[in-house]
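J.: Take this sequence and fold it.
(chains A, B, C and D)
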Protein chains: 4
Amino acid sequence: MNFRTDLVIEQQEAKAGDLPEGVTSEEATVGPAKITRIKVLNQQGAEALGKKPGSYITIELPPFTDSYDEIDERYVAISNEIKSLLPKEGLVLVAGLGNNSITPDALGPKAAQKVLATRHIMGEIARSAGLENLRSVCVLAPGVLGQTGIETGEILASIVEKVKPAAVIVVDALASRRLSRLGCTVQISDTGIHPGSGVGNKRAEISRETLGVPVIAVGVPTVVDAATLATDLATDAGGDEKKVDELRKSVEPRGATMMVTPREIDLLIDRAAALIALSINKALHPTMTPEDLLALAS
Amino acid sequence: MNFRTDLVIEQQEAKAGDLPEGVTSEEATVGPAKITRIKVLNQQGAEALGKKPGSYITIELPPFTDSYDEIDERYVAISNEIKSLLPKEGLVLVAGLGNNSITPDALGPKAAQKVLATRHIMGEIARSAGLENLRSVCVLAPGVLGQTGIETGEILASIVEKVKPAAVIVVDALASRRLSRLGCTVQISDTGIHPGSGVGNKRAEISRETLGVPVIAVGVPTVVDAATLATDLATDAGGDEKKVDELRKSVEPRGATMMVTPREIDLLIDRAAALIALSINKALHPTMTPEDLLALAS
Amino acid sequence: MNFRTDLVIEQQEAKAGDLPEGVTSEEATVGPAKITRIKVLNQQGAEALGKKPGSYITIELPPFTDSYDEIDERYVAISNEIKSLLPKEGLVLVAGLGNNSITPDALGPKAAQKVLATRHIMGEIARSAGLENLRSVCVLAPGVLGQTGIETGEILASIVEKVKPAAVIVVDALASRRLSRLGCTVQISDTGIHPGSGVGNKRAEISRETLGVPVIAVGVPTVVDAATLATDLATDAGGDEKKVDELRKSVEPRGATMMVTPREIDLLIDRAAALIALSINKALHPTMTPEDLLALAS
Amino acid sequence: MNFRTDLVIEQQEAKAGDLPEGVTSEEATVGPAKITRIKVLNQQGAEALGKKPGSYITIELPPFTDSYDEIDERYVAISNEIKSLLPKEGLVLVAGLGNNSITPDALGPKAAQKVLATRHIMGEIARSAGLENLRSVCVLAPGVLGQTGIETGEILASIVEKVKPAAVIVVDALASRRLSRLGCTVQISDTGIHPGSGVGNKRAEISRETLGVPVIAVGVPTVVDAATLATDLATDAGGDEKKVDELRKSVEPRGATMMVTPREIDLLIDRAAALIALSINKALHPTMTPEDLLALAS
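T.: All right, here's what the predicted structure looks like:
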């Protein structure tokens, strides 16, 4: 395939609608959310979709930038799906991946800022504050390789060894193939993060295989790679292979990576980060109200 | 023309290299800068290029994001060209146009923040601080129509009436047609800002005709409109008119404006704003060193 | 008086509780808000309190940083008091005063960002969007003298002449005398802004006298001047006049202005700006729900 | 002692100038920098100053906010002193401590952003880029306990175990006792970070004892605790013990921590972070010019 996407639903679409062997798919609707749950069952399915065996849940929602007050309804579907993949109890480590200094890659760090860390206030302190129902949670925004000199996966592995969580949730900005998916889609999977995914496009694998505990990835597509868009447009316009390749290269002047985003990308990132953080907080502390969670997380 | 650009040099290129009647062009090199000075002499030239009669100077530079320390060399060409269009003396009003909350549109407000306002420290105070050679300057970042409910041109007209400057400099983020121009091009003109220009694409005219004093526009292309890119790609790939139109629309899902930017757009904006501010400061206060200007402007 | 405060209630307290001639005071409670309405009736009262004749409303609330979800209850009292001072109809200009680059002075610009500008969407457009009940509002964040070289009052006077509002609302960060007032107090008055008030301490008068229309000032104390605190502490500790003066000076090393703020000043400013913006939006568009206002204002 | 300071030089001053047993002190001048090197030699000295045995270097400089262009001269002294405490070779981990969301505590994270991470570009890549003289460096901004739920020391210990650096440099905002020290002082020590130090006041020990490698702490005082200031002022004004205690409490309404900072604290933090980052970069890569370091670090 000569396009780039982090969304399984787009890999599936590229198959022209036929469900490959070793892949199942089901749909559901929860309030304003349309949910598609794709399961890659075996190696055959994995090869067909280019994704590891596991669960991939796509949630399609009204645009995050449309209005603020409906967030409360939107979080329900996201929160439920995250909870369905989480172990019932035990410490959870939430990691916001990405580069805070690059707007469309800042989703992870911005969401992490709003996820409630509780590991240090468990026990007596929590009880006296009426928070005895809180699950133990720790939160990191580890930065990216170019900032730290350390693979994000190495940092997470170190911390996992130290704090021994029952599961890890990673939040990341994704690249999609279709502009129509930006700012209205969430993908949740239990297979972690794989090489070449994410807006930064440089993550090494972060998964149960590398960390030793379940890794739930929560991603929001925030960009379309300009090279991917160019390939699609040139192909759709009827260009031959050589022409398509030439046009693809034309959108990377001096080798620079170009990205397509909505004009409101700053607002989109803020809204998406708030929505994902609320969904994670609710999945981790289901007895708390959204209002209490907002009050605690600031 | 079915593409969008704020750059005269691209309008000229679209003519396949032939200089239309009523248009002159000359080139020069200053240090790392390649300068193209296009003059639209009359109505005939204006119609050919779709730009009002006046001077349009394009400065092509090494990418702003390449490295920091060479900024000192780069500012010289920009500063000289701005100075060549400015009246020799009198108060100058510098206005940073655009929306501070939209990264690629924030060039104007960010540059304004670094332009040195001196109007309030002229006379005795300036003399006692050893700043008697400073030109009188005032600075505004008026916001955009959607934030203020007032046309930017209305705000500037009000302030011009009150402070009576000898000239106005407006700084704005521009849209170009070519990705290769992003982050390495500056356009300076003496014709002001025209409807439909700028990243925000909503400015009403801001010019000598509307303000009553010379208006020098300093712009940096920071985005390519996705619809323009799609049109170009689909056309180059050999699509027919209908196909091109359809593909053009496909990049505006739900009517949303999509933009193509370098991945490092945040850094690009910071660097470009610093460079433009230094260039303006130097054009206004030619006896000051860049170091002193940096020290004063913070 | 050798201390600095922008709060009338503190001027009144300094009188040891006796209500001076020409001053009336009444108290009320609205939900979590304790309201004190002081009226300075004449010149005698003005001299006693050092404040111009007019209405001064102080609203004491639970700390803005305590929790997020109760903001909905808090805005009611603020909104009502603002509405009581506003003319019933006509365009309103909202101006957020202060310096966006100085955290405790950024209240005004941050609030302005969240006030809904509607002047450009009145008439047909508003009707078709179901917003025909919106009042016409325009919004400015004019910056401070050091940034612009123009007195804030001059900028506002220019804009008032151009857009001819029925009233102006100015939002500003204030200095109080007591640390206990920071982050839990709002002062509303119909007398505008006076020299020496505000955190920036440099505003020229902005009032009905200078602008020709009613000016409602909405302020939140965000700092205590260190020199004021030092004077109070040294006096309370029993220092003589000379000692007090010497200690007062000791807190301004090299003439630098020092300020006392809560450690959470960044959060305080964000919360206060959101609360004030919501209160103003509700006062201007009383038929809209807080949810709709949040959705529109982003 | 009933005041709070993280500066050894202030502990020493509190001794009224007499050098306690077990403590040595020497002074030097480098360009605009006045350097005081205090050594705590043994337990006796440690008890006298309330600081662990080790080297404590205080560098007094012109105010960071005075002007920008002199930074190049200022970094020399800081850089040299850091280098004097560093092992000659081997990987160095630089950690920016503190809370990015609290302006005066953001020094560490902001400095970390400008420290050049090189660990991932060593070897062939570095050689081909002409960077073969770079020392291997990795960089973290681990956040604070309230954000992460994990002690900063635990995070650093995990990473140290994984990447096995030869030394750790921690950058932190400090509290001083004297307002005159804010924004013009740097303290460097080889004893790491101790409980109760830092603006956040919650760090657990981070030192050679806890990490197993040398820990060099680089700190800049950015606040004076209001309670400390109140104690000093009330004492100096002649208050008795009870009065002083009462006044001390009066500056912590509702138990909130109040801090005294210069009005320009935002600018001070930006300048100090840039200065510290440049000094660290130069100490780690002594053959690089400041210009090259700025260009690489962005």
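J.: so how far is A:Ile38 from the residue nearest to A:Asn42 when sequence neighbours are not counted?
T.: Nearest non-adjacent residue to A:Asn42, counting by C-beta to C-beta, 6 or more residues apart in numbering or on different chains: A:Gly22, 4.4 Å away. C-beta: built from backbone N, CA, C; applies to glycine. Relative to A:Ile38, A:Gly22 is positioned 11 Å away (C-beta to C-beta, to the nearest Å).
J.: quick one: which of those two has more around it?
T.: In this view A:Gly22 and A:Ile38 are compared by other C-beta atoms under 10 Å in any protein chain shown, and A:Ile38 has more residues nearby, 24 against 17.
J.: how about the more buried one, what does it touch?
T.: Counting by C-beta atoms under 8 Å, 6 or more residues apart in numbering or on different chains, A:Ile38 touches A:Val8, A:Ile9, A:Gln12, A:Val23, A:Thr24, A:Ser25, A:Leu49, A:Ser55, A:Tyr56, A:Ile57, A:Thr58.
J.: Columns neighbour count on top of these, output as a markdown table?
T.: Shown next, in a markdown table, are the contacts of A:Ile38 (neighbours: other C-beta atoms under 10 Å in any protein chain shown):
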| residue | neighbour count |
| --- | --- |
| A:Val8 | 25 |
| A:Ile9 | 22 |
| A:Gln12 | 23 |
| A:Val23 | 24 |
| A:Thr24 | 11 |
| A:Ser25 | 14 |
| A:Leu49 | 21 |
| A:Ser55 | 17 |
| A:Tyr56 | 25 |
| A:Ile57 | 25 |
| A:Thr58 | 24 |
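J.: closest to D:Pro253 among those residues?
T.: Of all these, D:Pro253 sits closest to A:Ile57, with 48.5 Å by C-beta to C-beta.
J.: where does the closest one land on pLDDT?
T.: pLDDT recorded at A:Ile57 is 97.
J.: same question, A:Leu174
T.: 94.
J.: could you say what helices and strands whichever helix or strand it is part of packs with?
T.: For A:Leu174, the host element (DSSP states H and E) is strand A:167-175. Under the contact criterion of 3 or more C-beta pairs under 8 Å, 6 or more residues apart in numbering or on different chains; DSSP states H and E, strand A:167-175 touches strand A:92-96, helix A:107-114, helix A:152-163, strand A:215-225, helix A:265-284.
J.: so which of the ones you listed comes closest to chain C?
T.: Closest to chain C of the helices and strands packed on strand A:167-175, according to C-beta to the nearest C-beta: helix A:265-284, at 6.4 Å.
J.: Could you check the closest one against chain D for contacts?
T.: No. Interface with chain D: helix A:265-284 contributes nothing (C-beta under 8 Å from any C-beta of the partner chain), its closest point being 11.8 Å away.
J.: Let me know the angle separating that helix from helix B:265-284.
T.: 150 degrees (axes from the mean of the first three to the mean of the last three C-alpha atoms, to 10 degrees).
J.: Flag the shaky bits of the stretch 101-250 of chain A, pLDDT-wise.
T.: For the stretch 101-250 of chain A, the stretches with pLDDT under 70 are A:196, A:200-202.
J.: What residues does it have near chain B?
T.: For the stretch 101-250 of chain A, the residues in contact with chain B (C-beta under 8 Å from any C-beta) are A:101-103, A:105, A:178-180, A:199, A:226, A:229-230, A:233-239, A:243-244, A:247, A:250.
J.: Cross-check the contact I'm expecting between A:Met55 and A:Ile35.
T.: That one is not Met; residue A:55 is Ser. No. With contact defined as C-beta atoms under 8 Å, A:Ser55 does not reach A:Ile35; the gap is 11.8 Å.
J.: Quickly list what's touching both of those two.
T.: Common contacts of A:Ser55 and A:Ile35, defined by C-beta under 8 Å, 6+ apart, are absent altogether.
J.: What sits closest to A:Val244 if chain neighbours are left out?
T.: Among residues not flanking A:Val244 along the chain, A:Ala234 sits closest, at 4.3 Å (C-beta to C-beta, 6+ apart).
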